[in-house]
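S.K.: Build the 3D model from these lines:
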Amino acid sequence: MTDTRAVSNVLGYVLLFSVVLLSITATFTFGIDAIGDASDRTVQQSGQHSMQTLGDRIETLRESNTTVQQGQLRAGRGTIGYGEQTRVTVSVAGSPELQTDFRPIQYRFDGTTVAYEAGGIVRTSDDGGAVLVDEPTFVFDDDAVILPIVTTEPAAQRQVSGGTVTTTFERVASEQAYFGTSAEQVTLSIETTEGRATVWERTLSEAGATCSRPTPDTTTCTYTPSNADATIIVREFRVNYEFEA
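M.R.: Numbers count the residues shown, from 1 in each chain. You can find the predicted model right below:
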């Protein structure tokens with residue numbers, strides 16, 4: 001005759017052990033995923049902070065009399081280097097005053113790109129997200145339109161991945177493309193990636209310009225100051241950059 005109490009006890013122990021084992025497995029699996037997600041966010045935040053530090057160094061170079069700025073950045077598990085070519089065009093009263101091509105500096109990790117472009121920093125992701133991190137020092141005002149366009153070009157076409165990266169920025173030129181006082185219409189066009197074009201359209205519209213998208217990867221903005229003696233300044237500040245592991 002079978003001892004039903006013994007069988008019940010064995011089944012109970014088996015069920016309890018199975019529940020405990022499943023709980024441990026689930027905790028371990030989800031815990032590892034959570035740790036991985038947190039680690040990825042830390043890398044992305046560190047990369048963005050490095051790009052902001054980089055932007056500060058270029059701004060210091062632009063505002064000072066020095067010609068070279070050097071320093072170090074942490075790339076973490078990401079890659080820092082150059083991006084696809086960007087074109088900026090500025091016209092005053094319909095007359096082209098500046099057209100320049102350059103390669104923005106970018107940091108990329110796990111589908112997210114943080115780029116220093118034309119004096120601003122923009123973060124985009126492969127899933128379509130795009131936000132402004134640091135705005136450029138553009139001015140659209142009734143008394144003044146000031147466009148200091150920072151253009152960047154790699155001294156060597158090199159991408160550096162991981163660890164600590166040594167950075168070198170060299171001021172190549174600072175040229176005034178236009179200076180005048182009038183109430184003429186100023187047109188700024190930025191041809192870049194589609195994600196960054198979206199950010200530029202939103203940013204410059206919020207600054208007071210009237211913007212449109214003639215193509216998905218191009219933002220064109222116009223602004224006409226109301227003051228007849230408004231100051232209009234267009235200047236290109238060109239920087240060469242180099243990264244070494």
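
S.K.: just checking, next helix/strand downstream of the helix or strand of the chain with the lowest mean pLDDT?
M.R.: Every helix and strand in the chain was compared by mean pLDDT, DSSP states H and E; the lowest is helix 4-63, with a mean of 64. Downstream of helix 4-63, the next assigned helix or strand under DSSP states H and E is strand 68-82.

S.K.: Name every strand pairing with that following strand and say which way it goes.
M.R.: In the sheet, strand 68-82 lines up against strand 105-109 (antiparallel), strand 160-181 (antiparallel) (DSSP bridges).

S.K.: Can you classify Q157 as helix, strand or coil?
M.R.: coil (DSSP: H, G, I helix; E, B strand; the rest coil).

S.K.: got a list of what it touches?
M.R.: Residues near Q157 by CB atoms under 8 Å, 6 or more residues apart in numbering: Y82. C-betas here are computed from N, CA, C, even on glycine.

S.K.: measure it to F243 for me?
M.R.: 11 Å (CB to CB, to the nearest Å).

S.K.: repeat for T100
M.R.: 22 Å.

S.K.: swap in V88?
M.R.: Taken as CB to CB, the span from V88 to F243 is 23 Å.

S.K.: cool, Q159 as well?
M.R.: 8 Å.

S.K.: what residue ranges in this protein score low on pLDDT?
M.R.: 1-44 (pLDDT under 70).

S.K.: how about 50 then?
M.R.: Residue ranges of the chain with pLDDT under 50: 1-2, 7, 26-38.

S.K.: Surely A155 and E170 touch.
M.R.: Yes - using CB atoms under 8 Å, A155 makes contact with E170 at a distance of 7.3 Å.

S.K.: intersection of neighbour lists for those two?
M.R.: 240-241.

S.K.: P96: neighbouring residues, count only.
M.R.: A count of nearby residues for P96, using other CB atoms under 10 Å, gives 13.

S.K.: oh, I was asking about T60
M.R.: 12.

S.K.: How about E184?
M.R.: 18.

S.K.: quick one, what contacts it?
M.R.: With CB under 8 Å, 6+ apart, E184 has these contacts: 92-93, 224, 232.

S.K.: Filter the residues you listed down to the buried ones.
M.R.: 92, 224, 232 (16 or more other CB atoms under 10 Å).

S.K.: hey, what's the last one bridged with?
M.R.: Beta-bridge partners recorded for I232 (DSSP bridges): V145, G180.

S.K.: now the first one
M.R.: Taking DSSP bridges, one obtains S95, V186 as the residues bridged to V92.

S.K.: Could you measure from it over to P225?
M.R.: Taken as CB to CB, the span from V92 to P225 is 11 Å.

S.K.: what do the two both touch?
M.R.: Joint contacts of V92 and P225 (CB under 8 Å, 6+ apart) are I232.

S.K.: Regarding P136, what is its secondary structure?
M.R.: P136 is classified as coil under three-state DSSP.

S.K.: That one and A118 touch, don't they?
M.R.: Yes - if you go by CB under 8 Å, P136 and A118 touch, sitting 6.1 Å apart.

S.K.: So for those two, which sits in the more crowded spot?
M.R.: Of the pair P136 and A118, A118 is the one with more neighbours under other CB under 10 Å, namely 25 against 21.
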